[in-house]
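Q: Quick one: sequence plus predicted model below, questions after.
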Amino acid sequence: MATKKIGIIGDGNVGSALARGLKRAGREVRAVGKDKTAIRDAVSWADVVLLAVPFAAIDDVVQEVGNLVEGKTLIDVTNALDAKMSLAVGFTTSGAEELQKKLPRARVVKAFNTQFAQHMDSGRLGDLRLTVFVAGDDPAAKSDVTELAAAIGFEAVDAGPLANARLLEPLGYLNIQLGYVLGLGTQIGLKLIRG
Ligand SMILES: NC(=O)c1ccc[n+]([C@@H]2O[C@H](COP(=O)([O-])OP(=O)(O)OC[C@H]3O[C@@H](n4cnc5c(N)ncnc54)[C@H](OP(=O)(O)O)[C@@H]3O)[C@@H](O)[C@H]2O)c1
């Protein structure tokens, strides 16, 4: 089976790091910025779409991609932060579930949001493989994401249904707090260990 084509919306820290990691793994990738035509072209071309824009830009992107993402795996890497860099939603819903409501025919999966962009092109911190938690309701879409995360170098762990993005988004926020507010810096990462 041909490998899936990956369209990345957002070519900032996250989009460009994931693009590098996926290209290194031999994947066909197109990462685009704000340009509306480029976004529509990339999403039409791709089998799997990765959303790596600020949370505040999601409605713009939704308006642009509309039915072009129907039936496609849509990976939500955003951290649902408001203008004060606090969690914008939580516990009773999540950014990923709200995205799914806006694009009901896309197969939304929450993943990668709990790691810093600095490690997204390798999936590693030193010798350690970092964990990508994968939450979604569509088993085939989750399997796409698990495969891509592993191809980059991460260990992918099934984190259950999309509603568990309610847990992954605060976990991403904890990572940001540790790194940027509590002084640990970005040379940290989350890893599930098993006994
Ligand atoms: N940085 C991290 O370590 C990290 C880790 C996990 C999750 N995240 C999440 O990942 C997302 C991206 O973070 P980032 O650090 O990569 O941000 P970034 O470096 O600021 O890049 C954001 C990208 O989104 C584009 N963009 C902005 N507004 C847009 C719009 N209305 N329509 C389409 N594209 C738009 C930007 O284009 P322009 O450059 O032209 O403005 C840029 O390409 C955020 O939701 C963040 O919370 C970040």
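A: Nice, I can see it. Numbering: from 1, shown residues only.
Q: make it CA atoms for all contacts and neighbour counts henceforth
A: Fine.
Q: Check which helices and strands the lengthiest strand in the chain sits against.
A: The strand that spans the most residues within the chain, counting by DSSP state E, is strand 131-136. When contacts are defined as 3 or more C-alpha pairs under 8 Å, 6 or more residues apart in numbering; DSSP states H and E, strand 131-136 packs onto strand 107-110, helix 139-152, strand 155-158.
Q: Show me what the last one is packed up against.
A: Going back to what we said before, that points to strand 155-158. Applying 3+ C-alpha pairs under 8 Å, 6+ apart, we find strand 155-158 packed against strand 131-136, helix 139-152.
Q: In TSV: these, plus mean pLDDT and distance to the ligand.
A: Converted to TSV, these look like this (pLDDT from 0 to 100; distance: least, C-alpha to the nearest ligand atom, whole Å):
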stretch	mean pLDDT	distance to the ligand
strand 131-136	98	11
helix 139-152	98	14
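Q: is it true that residue 22 touches residue 120?
A: No - using C-alpha atoms under 8 Å, residue 22 makes no contact with residue 120, being 9.5 Å away.
Q: Now for the residue nearest the centre of the chain: which residues touch it?
A: Nearest to the mean C-alpha position of the chain, by C-alpha atoms, centre = their mean, lies residue 77 at 2.4 Å. Neighbouring residues of residue 77 by C-alpha atoms under 8 Å, 6 or more residues apart in numbering: 50, 51, 52, 110, 111, 112, 113.
Q: ok, now how distant is the residue nearest to residue 13 when sequence neighbours are not counted from the ligand?
A: In this structure, residue 13 finds its nearest non-sequential neighbour in residue 117, 5.8 Å apart by C-alpha to C-alpha, 6 or more residues apart in numbering. Separation of residue 117 from the ligand (C-alpha to the nearest ligand atom, to the nearest Å) stands at 4 Å.
Q: Please name the residues that touch residue 117.
A: Counting by C-alpha under 8 Å, 6+ apart, residue 117 has contacts 13, 14, 17, 18.
Q: Restrict stretch 163-171 to CA atoms and write it as PDB.
A: What follows is stretch 163-171, C-alpha atoms only, in PDB (Å, rounded to 0.1, in the frame of the first residue of the first chain):
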ATOM      1  CA  ALA A 163     -13.100  12.800  24.900                       C
ATOM      2  CA  ASN A 164      -9.700  12.000  26.600                       C
ATOM      3  CA  ALA A 165      -8.400  15.100  24.900                       C
ATOM      4  CA  ARG A 166      -9.900  16.700  28.000                       C
ATOM      5  CA  LEU A 167      -7.000  15.100  29.800                       C
ATOM      6  CA  LEU A 168      -4.300  15.500  27.100                       C
ATOM      7  CA  GLU A 169      -4.900  19.300  26.700                       C
ATOM      8  CA  PRO A 170      -4.200  20.000  30.400                       C
ATOM      9  CA  LEU A 171      -1.200  17.700  30.200                       C
END
